[in-house]
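Q: Return a 3D structure for these sequence lines:
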Amino acid sequence: MKKRIYRILAVLTAACLLLAASGAGAAKAENELWWKNTIAYEIYVRSFKDSNGDGTGDLRGIIMELDHLQELGVGAIWLTPCYDSPQADNGYDIADYYKIDPAYGTMEDMDELISEAGKRGIRIVMDLVFNHTSDKNAWFEESRSGRDNPKSGWYIWADPKEDGSAPTNWRSIFGGSAWEYDETRGQYYLHTFLKEQPDLNWENPEVRQALIDVANFWVDKGVGGFRLDAITYIKKPAVFENGRPDADDRLTGIHAMTADTPGILDFLREFQAAVSVGTDIFIVGEANGVPSQELPEWVGRDGVMDMIFEISHVLIDLPDEMNWCKTREWKLPEWKMLFSDSQEMTRATKGWVPVFLENHDQPRSINHFLPEGADRVAGGKALGTLLLTTRGTPFIMQGEELGLVNVNWSSIDDYQDVSTHNHYKFALAEGYSEEEAMAAVQRFSRDNARTPVQWTDAENAGFTTGTPWLPVNDDYRTFNAASEEADPDSVLNWYITLSRLRKEHAELVDGTYEELFPEHEQVFAYIRENEEAKAVILINLSTEPAAYDAACVEGMELLVSSAGKAEKGQLAPLEAVIYEGPAGN
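A: Predicted coordinates:
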């Protein structure tokens, strides 16, 4: 009760401060938001560190490795869901938002993690999965028990068509119909993802209040923020209609039918007012489906969130997310434009960007964005430079700082991710060969980023003393945290170098962003500038030497080169350089 009173007082205080702030004072307050000045790090809990030898990562394992994250300069840890769950989708099917899954530990372990991280200047960010729950959640069990149950309307139910078939031809994100028939109610329920993940009905105010209560429970625990999973799907259209079939299964992807439905911002404003106003937490949303021109409504002074993950740059090679076998070629200028569009749209509204190249749903960036055969150490440094020097809050995916790469397992049976199996089946049903389907799996499977973190060259990479839930990448004896710590030229030490540069050269954090040479097909270059200094960053993302107009760095001093030395106007393959000079130069 005291905590709630304190939060109400905090809201009133914040309102007074907001009215008093103006001009330079308001701008200064914006720059001093802690989450704008730090590095965030995603932990896929199951794969980070196992403390008890059962083969599954856990909360105590995270506590054991907090010093590694502190050395990286991490100030926020985004935890993937560690709530009680049947694990149909590795925790993104939540049975109880108020309980830690026994596989990961206890609530006491969570309290200790929040405390120990805090001692190192690190805040914990919880993953809130609010589009859906598990079908084993008590809310859903009540809802499906009968149409007269008080929670009957907490989920999205619809009657069958006259022939008994599903209400619409929508295909779930993971394949197959997005509707599942329930014998007890004699109705179908909607599931954007797996049938074990029924969608909540956000139109119901009781549902929205229950979710607000969940968030405030964790705010009172002392977390630093939230990542809102699949948030663009929470608002459904008023009328459920068939879409135009987009594949041989005669279904249409649910994304096109429900993502970013008008009215969603009203829901999110209500959540924002009830949860984050008057606190120092941040909210970042997974916003698949929000085009860059709509970003001002989502982030910025009048936005409903502090940041959103806008994912067009990581989907650049996939015109259809369901069909991994159908890819498109792209060139660097197009990719750079996607970055710069987000920068420009958020800059205009004082918004902020979460910068990322990897997450638990994406393949490793070295494989994804660099030419085939690129040196992984040089490539890891090049991409790391982009990640840590672009305007915004960098989000490192666990293992990215080690330059980890995709696995290359030969059989679909080696992969555990349910989405991967569904994509494989879809490819075969669409007429692709097993070889084509497996090549797509190797390229895009979510398991690529979910293999256990490689800590040492000991058995199982020091991740566990037992049998890991998912095999460790075969290259762990060469690429692991311990060996990279000892190697001054490693990807890990490059990340640490960049992290320190961010602290010593403020323009890399709070400076403006201006792209250079947008049509250059090898080099990603941009300026970061504040009132005191100007930095020019040039990154060769090709495996060939690259030339650029040296006038952009005339009179500037070299801060660092990933190749150890630099020549103005020239970049070695995959070289990244940072030059600095006075502001206005």
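
Q: CA only for contacts and neighbour counts going forward, please
A: OK.

Q: Which parts of the stretch 51-200 of the chain are strands?
A: Here the stretch 51-200 of the chain has its strands, by DSSP state E, counting those that start in this stretch, at 74-79, 83-84, 96-100, 123-128, 157-158, 170-171, 179-182, 187-190.

Q: Give the full set of residues in contact with the residue nearest to Ile539 when sequence neighbours are not counted.
A: Using C-alpha to C-alpha, 6 or more residues apart in numbering and skipping residues adjacent in sequence, the residue nearest Ile539 is Ala576, 4.3 Å away. Counting by C-alpha atoms under 8 Å, 6 or more residues apart in numbering, Ala576 touches 381-382, 385, 537-540, 561-563.

Q: quick revisit: pick the most deeply packed of the strands of the stretch 51-200 of the chain.
A: Neighbour counts (mean count of other C-alpha atoms under 10 Å) averaged over each of the strands of the stretch 51-200 of the chain peak at strand 170-171, with a mean of 28.

Q: What is that one packed up against?
A: Under the contact definition 3 or more C-alpha pairs under 8 Å, 6 or more residues apart in numbering; DSSP states H and E, strand 170-171 sits against strand 252-253, helix 254-258.

Q: who's in contact with it?
A: So strand 170-171 is contacted by 177-179, 242-243, 251-254, 257 (C-alpha under 8 Å, 6+ apart).

Q: 7 Å - rerun?
A: Strand 170-171 has contacts (C-alpha atoms under 7 Å, 6 or more residues apart in numbering) with 177-178, 242, 251-254.

Q: Of those, which is the most crowded?
A: The most crowded member of the contacts of strand 170-171, judged by other C-alpha atoms under 10 Å, is Ala178 (28 neighbours).

Q: ok, so what distance separates the residue lying closest to that one once chain neighbours are set aside from His191?
A: Nearest-residue entry for Ala178: Ser172, 4.3 Å, with adjacent residues in sequence omitted and distances by C-alpha to C-alpha, 6+ apart. Using C-alpha to C-alpha, to the nearest Å, we find Ser172 at a distance of 7 Å from His191.

Q: How about Ala551?
A: Applying C-alpha to C-alpha to Ala551 and His191 gives a distance of 55 Å.

Q: Which members of the contacts of Ala576 are the farthest-apart pair?
A: Using C-alpha to C-alpha, those span at most 13.9 Å, a distance reached by Ile537 and Ala563.

Q: who has more neighbours, these two?
A: Ile537 (26 against 17).

Q: would you say that one is within a helix?
A: No. Counting by DSSP: H, G, I helix; E, B strand; the rest coil, one finds Ile537 to be strand, located in no helix.

Q: picking that back up, now the contacts of strand 170-171 in CSV, with pLDDT and distance to Lys119?
A: Converted to CSV, the contacts of strand 170-171 look like this (pLDDT from 0 to 100; distance: C-alpha to C-alpha, whole Å):
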residue, pLDDT, distance to Lys119
Ser177, 97, 48
Ala178, 98, 45
Asn242, 97, 53
Leu251, 96, 52
Thr252, 96, 49
Gly253, 95, 46
Ile254, 97, 44
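
Q: quick check, nearest of those residues to Asp96?
A: Ala178 (23.1 Å).

Q: so what's that closest one up against?
A: Ala178 makes contact with 170-172, 190-192, according to C-alpha under 7 Å, 6+ apart.

Q: And it, how close does it get to Arg446?
A: Distance of Ala178 to Arg446, computed by C-alpha to C-alpha: 21 Å.

Q: can you pull the contacts of Gly263?
A: If you count contacts by C-alpha under 7 Å, 6+ apart, Gly263 has them with Lys235.

Q: Next up, phi/psi of it, please.
A: Dihedral pair for Gly263: phi 110, psi -10, per degrees, to the nearest 10.

Q: Tell me where the model's unsure across the chain.
A: Residues of the chain meeting the criterion pLDDT under 70: 1-31, 292.

Q: Domain ranges for it, per the record?
A: Listed domain ranges for the chain are 2-130+209-234+259-497, 512-582 (source: automatic domain parsing).

Q: I'd like those domains as JSON lines, with distance to Ala138 appended.
A: Shown next, in JSON lines, are the domains of the chain (distance: least, C-alpha to C-alpha, whole Å):
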{"stretch": "domain 2-130+209-234+259-497", "distance to Ala138": "7"}
{"stretch": "domain 512-582", "distance to Ala138": "48"}
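
Q: Ok, which of those domains comes nearest Trp154?
A: Trp154 sits nearest to domain 2-130+209-234+259-497 of all the domains of the chain, at 10.2 Å, using C-alpha to C-alpha.

Q: So what's the gap between that closest one and the chain middle?
A: Distance, stretch centre to chain centre, for domain 2-130+209-234+259-497: 3 Å (C-alpha atoms, centre = their mean, to the nearest Å).

Q: Same check on stretch 203-223?
A: With C-alpha atoms, centre = their mean, you get 21 Å for stretch 203-223.

Q: which non-adjacent residue is nearest the residue nearest the centre of the chain?
A: Nearest to the mean C-alpha position of the chain, counting by C-alpha atoms, centre = their mean, stands Asn359 at 4.9 Å. Once flanking residues are discounted, Asn359 sits nearest to Met397: 5.4 Å by C-alpha to C-alpha, 6+ apart.
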